[in-house]
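>>> sequence first, predicted coordinates after that:
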Amino acid sequence: MANLKQWVNLPKESRYVGDGISSEERLDFLYFKHKFKTAKPASFKVSIVPSGSGNIKYSKEELKRHAGFRLRKPPVQVSTSTSTPKVEQEMFLPAAGGNTYKVKAKYNNKVVESTTTVEVWRRLYYEVISMYDPIKQYPVPYLSSMSGFENAFVNSSKKFNIELKEKGNGRKKMKFIKTIHNTNHAEFRDEARKAYTIDSYYPYAVAVVFSNFLADYVDFEVIDTVSRSIPSKLFHWGAYADEFVVNIADIYGRSKYIWEGLDDDHDKTKFWLFSATFVAKDGRQYTIPKDDVTITGAKTYSLGGYKQVKVSLKNIPRQFFSSFEGTIQLKVNILDGGFTGGFSYTNLNLITVGTLSWWDSTPSTNSEMLQTLNHEMGHKVGMVGYGDKDHRKKNEKLRKQGKSVSFEFRPELPDAPKTLYGEHRGVNNQGHLGPHCGKGAKFNNNTGEWSGKPGCVMFGSNATEDPVGTYNFTPATFCDQCEPVVRKLDLNGTLLSGLKKRF
Ligand SMILES: [Zn+2]
Ligand SMILES: [Zn+2]
């Protein structure tokens, strides 16, 4: 009574044999072949029944909408081309990891092949790449051990049975990019692709890149309401009287960080400054030369984080006899929101984990990196599932109203856990893009703030602040609501949007 493992998500191809997979027979469907001398092939049968009580059951809806969730037995193929009739039977097991089945081959209800127990496994491959600056000899920090990552997905006690196999014979280095931001994603992917060596496992492989900063910039207008005076030509500018400090802040006085210190090329061209204007009371506008606007004030973090500029008005044309008043208006690039811990391209097989944030020279801790990595890999495998959320009609309505809709019906995903949020993409994001799990946390629609203690790796942020000043960090493991969803996932790489397209 053999106990077999079947890696149901991988096709029967030699490249997937190895690392504990003994032959192509152990991949994809189960296969039976029998030759008969005199018997009638029609009497041949393969029966398969769940074994034990630990199997996860798909809902009726899941079984109805996606073939990968079903036990499938194509018709027996009978070959009569030779004098010895031959029958072949293929058996596709449902996708769910950790499920076990008893398989019997019978002839005229007599067992002709001994009962076998088969356990369902899934496998994906990954390669680790980290950014490295050869001039500064600076390697970004990375997880030295990937065991926490692999264990979270195998999870033998919960029977996730998702094996993540590191491939590529060692860590790869890629070009150092200080910050991955709005406009250099193509460069990031090009450079990562140069380092990536395991494309032969496509579409079952993911690149895991450890990067530096992850942040975006956005343009912002600062209207300084303090009235400044341009003296007449009869007066001297005082030694420093022509210089004014302007806070980069919104109309409520909330400070914003200047986009500086995050991209060396941006810094060289003073990319953070679009324009500076002096608007006189009578409405006349004077351009303030870019050289007359400089960053000032204390930096908030060890590597930067500035919120003030110094503006000199000495080059504003002065009048002969009278002084005049006006205000300074600036258009600048600021940090958009905050720094990101990591991201997973929704439609590409690439994950990145940022290891620095907030101009802080102290890198993320191992547990922070692990939490981010598991979260992003969770997205790759299809978490948080929302296959039962068919919003096609709703989407159609939104489209007719001219609104953009990015939500897709994904029948190959399991039913959503009741803790799902953000699945409507733009309608019900609750501050986080993509499908996430709110276990243990609460969203306040009025304030837009989260409270409580996140209980799942698929929470959309790395922590809540509740009460203010107290951080409740997001765990690196899946919650009890997500566990059955992880088990049910169909890891067929040709279906999963995070695997089927190369970065
Ligand atoms: Zn996420
Ligand atoms: Zn969860």
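Perfect, I can see it now. Please read all numbers here as calculations on a predicted model, not as lab measurements. Ligands and ions are numbered 1, 2, ... in the order given.

>>> which strands and helices lie in contact with the helix or strand Glu376 falls within?
For Glu376, the host element (DSSP states H and E) is helix 366-380. Contacts defined by 3 or more CB pairs under 8 Å, 6 or more residues apart in numbering; DSSP states H and E place helix 366-380 against helix 147-154, strand 205-211, strand 342-344, strand 350-354. Just so you know, the C-beta spots here come from the backbone N, C-alpha and C atoms, and that holds for glycine as well.

>>> so it, near ligand 2 or not?
No - counting by CB under 5 Å from the ion, ligand 2 has no neighbours in helix 366-380; the shortest distance is 9.0 Å.

>>> quick one: end-to-end distance for stretch 201-210.
Stretch 201-210 has its terminal residues 21 Å apart, counting by CA to CA, to the nearest Å.

>>> typed the wrong thing, it's stretch 451-464
Start and end residues of stretch 451-464 are separated by 6 Å (CA to CA).

>>> in it, what's buried?
By 16 or more other CB atoms under 10 Å, the buried positions in stretch 451-464 come out as Lys453, Pro454, Gly455, Cys456, Val457, Met458, Phe459, Gly460, Ser461, Asn462, Ala463, Thr464.

>>> and that stretch, how far out from the chain middle?
15 Å (CA atoms, centre = their mean, to the nearest Å).

>>> what's in contact with it?
Where contact means CB atoms under 8 Å, 6 or more residues apart in numbering, the residues beyond stretch 451-464 that reach it are 152, 341, 368, 371-372, 374-375, 378, 383-384, 419, 421-422, 430-442, 444, 450, 466, 471-479, 481-482.

>>> show me the domain layout of the chain.
Following automatic domain parsing, the chain resolves into domains at 3-122, 217-335, 384-481.

>>> related to what we said a few turns ago, got TSV for the helices and strands packed on helix 366-380, with mean pLDDT too?
As requested, those are exported to TSV (pLDDT from 0 to 100):
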stretch	mean pLDDT
helix 147-154	97
strand 205-211	98
strand 342-344	93
strand 350-354	97
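
>>> of these, which is nearest ligand 2?
Ligand 2 lies closest to helix 147-154 among the helices and strands packed on helix 366-380, at 12.6 Å (CB to the ion).

>>> ok now the closest one, how far from the chain's centre?
17 Å.

>>> packing partners for it?
The contact analysis (3+ CB pairs under 8 Å, 6+ apart) places helix 147-154 against strand 162-166, helix 366-380.

>>> quick one: it to strand 162-166, angle?
Angle, helix 147-154 to strand 162-166, by axes from the mean of the first three to the mean of the last three CA atoms, to 10 degrees: 150 degrees.

>>> which parts of helix 147-154 are buried?
Gly148, Phe149, Glu150, Ala152, Phe153, Val154.

>>> for those residues, give me TSV that also has distance to Ser323.
Listed next are those as TSV, based on distance: CB to CB, whole Å:
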residue	distance to Ser323
Gly148	66
Phe149	66
Glu150	71
Ala152	68
Phe153	70
Val154	75
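
>>> identify the farthest-apart pair in those.
The span of the buried residues of helix 147-154, defined through CB to CB, is set by Gly148 and Val154 at 11.2 Å.

>>> nearest to ligand 2, out of the domains of the chain?
domain 384-481 (3.0 Å).

>>> list of residues touching stretch 292-310?
Residues outside stretch 292-310 that contact it (CB under 8 Å, 6+ apart): 243-249, 255-258, 260-262, 272-273, 276, 311-315, 330, 332, 358-362.
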